[in-house]
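> kindly generate the corresponding structure for this input.
(one chain, ligands or ions: 1)
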Amino acid sequence: MATALPIGITWIKDRGGRAALLLVGAAGEVGVSLCGAQVLWWRNHLGEVLWSATNSEYLTGKPVRGGIPLVFPWFGDHAADPKLPAHGFARNLEWRLARAVAGPEVVLEVTDDVSTRSMWPHSFRLQLVIAVAEALRIELTIQNTDTRSMRCEEALHTYLSVGDVHSCSVHGLEGLPVTEQATAPETAWDRSAPLRFRAETDRVFQGVRGHLELRAPALQRRVELDTEGANSTIVWNPWHAKTARLSQMAADDWQRFCCIESANVRERSLTLAAGQQHTLALTIRCR
Ligand code: TA6
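Numbers count the residues shown, from 1 in each chain. This is a model prediction of the structure:
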């Protein structure tokens with residue numbers, strides 16, 4: 001018989017009938033799928049804090065477009081083999097429940113296997129902590145269980161509801177080194193001002209300071225993101241043209257979300273010695 005779960009944690013099925021956990025705490029209600037250890041939703045007194053695509057699909061071994069998909073061990077397309085899954089394989093794996101404690105807090109875990117080693121020749125253990133107390137806390141720990149060092153990238157690819165992307169702004173990235181990787185970006189923008197969305201936006205900021213604020217006046221809300229162990233932040237909105245090329249999206253979905261991704265990527269990727277581990281921690285508050 002499955003071990004009894006603490007109060008505030010329940011086994012459920014998500015919209016695709018996949019195994020998931022429901023966490024109910026002071027900060028609201030969170031759904032987490034064992035597929036990819038993906039946070040699917042977070043509802044508090046203000047409504048849905050995260051965002052999911054209109055035509056979200058809940059399929060075995062695939063991420064839902066929304067919530068907080070995980071990125072590991074590479075960010076974006078694989079540098080050498082475009083046939084390998086974009087954003088790595090962590091979000092496609094079936095994770096398992098390692099621990100559940102009152103709080104509520106769960107720890108999900110996954111390790112390498114023949115399939116992952118065929119894509120990336122390293123042994124590793126990933127643990128994801130999801131806690132719902134006065135805020136939503138997510139901690140991704142990467143452990144190098146191999147005998148050699150490993151270089152990897154990681155991100156918590158957070159989709160946030162904004163109501164109307166034209167009126168929202170992101171504060172705390174001003175003046176940082178940044179690379180714009182969008183195919184049809186805003187031609188010129190003020191790097192010393194809070195980030196506004198006026199075209200496809202796909203900016204990788206480095207040397208980030210650990211505190212960001214998203215202001216979404218259309219929803220009359222502010223979302224604070226505090227990180228430890230993240231040197232990079234990616235801010236993304238596909239705008240209308242790229243939305244047409246993305247799965248699960250309705251044509252106008254781009255207007256209602258932005259991604260703020262807590263990460264270690266590109267020149268700030270991680271190098272872990274044999275046996276070494278690293279934790280990226282994100283706390284999200286919505287007021
Ligand atoms: O994080 C930004 C990004 O790399 C975009 O370029 C876009 O590809 C987005 O991630 C979504 O990627 P996905 O593989 O989830 O469709």
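> contacts, neighbours, all on C-alpha from now
Will do.
> can you list the residues of the stretch 151-287 of the chain near the ligand?
Contact residues, the stretch 151-287 of the chain versus the ligand (CA under 6 Å from any ligand atom): 202, 236.
> closest residue of the stretch 151-287 of the chain to the ligand?
Here the stretch 151-287 of the chain gets closest to the ligand at one residue, Trp236, 5.4 Å apart by CA to the nearest ligand atom.
> so which residues of the stretch 1-150 of the chain form helices?
Using DSSP state H, counting those that start in this stretch, the helices found in the stretch 1-150 of the chain span residues 114-119.
> just for it, where's the confidence low?
In the predicted model of the stretch 1-150 of the chain, residues 1-3 satisfy pLDDT under 70.
> what parts of it come near the ligand?
Applying CA under 6 Å from any ligand atom, one finds that the stretch 1-150 of the chain approaches the ligand through 76, 86-87.
> any idea how far Gly17 is from the ligand?
21 Å (CA to the nearest ligand atom, to the nearest Å).
> neighbours of that residue, how many?
Residues within reach of Gly17, counting by other CA atoms under 10 Å, total 11.
> ok, now Asp113?
Burial of Asp113 is recorded as 12 neighbouring residues (other CA under 10 Å).
> skipping its backbone neighbours, what lies nearest Ser123 in space?
Nearest in space to Ser123, with sequence neighbours left out and distances taken as CA to CA, 6 or more residues apart in numbering, is Asp146 at 4.8 Å.
> Thr283 too?
Closest residue to Thr283 apart from its sequence neighbours, by CA to CA, 6+ apart: Arg137 at 4.4 Å.
> residues in a beta bridge with the residue nearest to Glu109 when sequence neighbours are not counted, which ones?
Using CA to CA, 6+ apart and skipping residues adjacent in sequence, the residue nearest Glu109 is Gln127, 4.5 Å away. Note on Gln127: beta-bridge partners by DSSP bridges are Glu109, Thr141.
> close enough to count as contact, Glu228 and Leu282?
Yes: assessed by CA atoms under 8 Å, Glu228 is found in contact with Leu282 at 6.7 Å.
> neighbour count: these two, which is higher?
Between Glu228 and Leu282, Leu282 has the larger neighbour count (other CA under 10 Å), namely 23 against 15.
> kindly state the pLDDT recorded for that one?
The model reports Leu282 with a pLDDT of 98.
> which SSE is Thr179 in?
strand 178-180 (DSSP states H and E).
> so which elements touch the following helix or strand past that strand?
As assigned by DSSP H and E, the chain's next helix or strand after strand 178-180 is strand 195-196. When contacts are defined as 3 or more CA pairs under 8 Å, 6 or more residues apart in numbering; DSSP states H and E, strand 195-196 packs onto strand 169-171.
> specify the beta-bridge partners of the residue nearest to Thr283.
Taking DSSP bridges, one finds Ala131, Thr283 as the beta-bridge partners of Arg137.
> can you give me the buried ones in the strand holding Thr179?
Using 16 or more other CA atoms under 10 Å as the burial criterion, the residues of strand 178-180 that qualify are 178, 180.
> mean confidence score for it?
pLDDT averaged over strand 178-180 gives 97.
> quick one: strands adjacent to it?
strand 201-206 (antiparallel).
> what does the strand it pairs with rub up against?
With CA atoms under 8 Å, 6 or more residues apart in numbering as the test, strand 201-206 has contacts from 173, 176-182, 185-186, 231-239, 268.
> got it, and stretch 96-104?
With CA under 8 Å, 6+ apart, stretch 96-104 has contacts from 5-9, 23-25, 34, 106-110, 131-133.
> contact partners for the residue lying closest to Gly207 once chain neighbours are set aside?
In space, Gly207 comes closest to Asn231 once its chain neighbours are excluded; the distance is 5.1 Å by CA to CA, 6+ apart. Contact analysis of Asn231 by CA under 8 Å, 6+ apart lists 206-209, 263-264, 268.
> derive a ChimeraX selection command for the buried subset of the residues of the stretch 1-150 of the chain next to the ligand.
Restricted to buried positions by 16+ other CA under 10 Å, the ChimeraX selection for those reads:
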select :86,87
